[in-house]
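>>> Have a look at this prediction, sequence included:
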Amino acid sequence: MDKLERLALGDSAIHRLHPMAKLLATIAYVVVVLSFPSRNVSGMVPFLLYPAVLMPLSGTPYRPLAGRLLFALPFSLVGGLSNLVLMRGTAFTVGGFSVSYGMASFASIMLKTLLSVFAVLLLIATTSFAEIVRQLTRMGMPNILCLQLVMTYRYLSVLLAEASSMFTAYVLRAPEQKGVKMKDMGSFLGQLILRSFDRAGRVHQAMRCRGFQGIYHGKARAGLTWSDYAYIGVFAAGLLILRWFNLSLFLGGLVG
């Protein structure tokens, strides 16, 4: 998370765009990608241009985003593998090779996950999380949800630090032990929960002393400029063209 926050402090043309413009573009991109039917895998391939173009323009390195992408792929992999077993009917034939509905669905799920997660990671790597949440507030998201997002994002590192210190203490008492024993896992997690509650109480008291009243207030920012509107317009037009063009081919194939 710290690496993504540091990437969001860049000064590229993408970083200078208004957060609302980037947020709307990302939402539109994810919605269009998810709108493809499961058998239409080829139609999503052109959407790989989005990360391929924006990453060089924003100066975002591939390795940090690819490493975080790996955390999301296993969940989609499990769902896709089940389709391979359950959906065995032939969807289409390529060069004499029969492609089942399960294979097409598997490829579609994995590609949708790849494109959607990459788009969200690009948004976080070019926009601070606080700005994203502020724009979500402006779009009408309930304040309690925005506050939960900010608190979870900011203090997840605090929870990890507590777990790290507990693990260090455990290892010092059992230097020959690799990891936490299963018989000690229950007490370890219980102590972590108690320490988390105690730390959360102290954090909340510190926030109340600084005037916190349960409402998330983001930093004030100027409105959208003509370049932001141009970015949204060009991006939306490109998405519609790609989606409409592929949809026409898909419907034409069905009719034919």
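Perfect, thanks for sending it.

>>> Could you give the separation of stretch 148-162 from the chain centroid?
Relative to the chain's own centre, stretch 148-162 is displaced by 17 Å; criterion: CA atoms, centre = their mean, to the nearest Å.

>>> Could you tell me which residues within it count as buried?
Within stretch 148-162, the residues scored as buried using 16 or more other CB atoms under 10 Å are 149-150, 153, 159, 162. For every residue, glycine as well, the C-beta is placed using N, CA and C.

>>> just the CA coordinates of it, formatted as PDB?
The C-alpha coordinates for stretch 148-162 follow below in PDB (Å, rounded to 0.1, in the frame of the first residue of the first chain):
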ATOM      1  CA  GLN A 148     -15.000   2.500   6.600                       C
ATOM      2  CA  LEU A 149     -12.900   2.400   3.400                       C
ATOM      3  CA  VAL A 150     -10.500   5.100   4.600                       C
ATOM      4  CA  MET A 151     -10.100   3.600   8.100                       C
ATOM      5  CA  THR A 152      -9.600   0.100   6.700                       C
ATOM      6  CA  TYR A 153      -7.100   1.300   4.100                       C
ATOM      7  CA  ARG A 154      -5.100   3.500   6.600                       C
ATOM      8  CA  TYR A 155      -5.000   1.200   9.600                       C
ATOM      9  CA  LEU A 156      -4.600  -2.200   7.900                       C
ATOM     10  CA  SER A 157      -0.800  -1.500   8.200                       C
ATOM     11  CA  VAL A 158      -1.300  -0.900  11.900                       C
ATOM     12  CA  LEU A 159      -2.900  -4.300  12.300                       C
ATOM     13  CA  LEU A 160      -0.100  -5.900  10.300                       C
ATOM     14  CA  ALA A 161       2.500  -4.200  12.500                       C
ATOM     15  CA  GLU A 162       0.800  -5.600  15.600                       C
END
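
>>> Show me what the mean pLDDT comes to for it.
Across stretch 148-162, the average pLDDT comes to 80.
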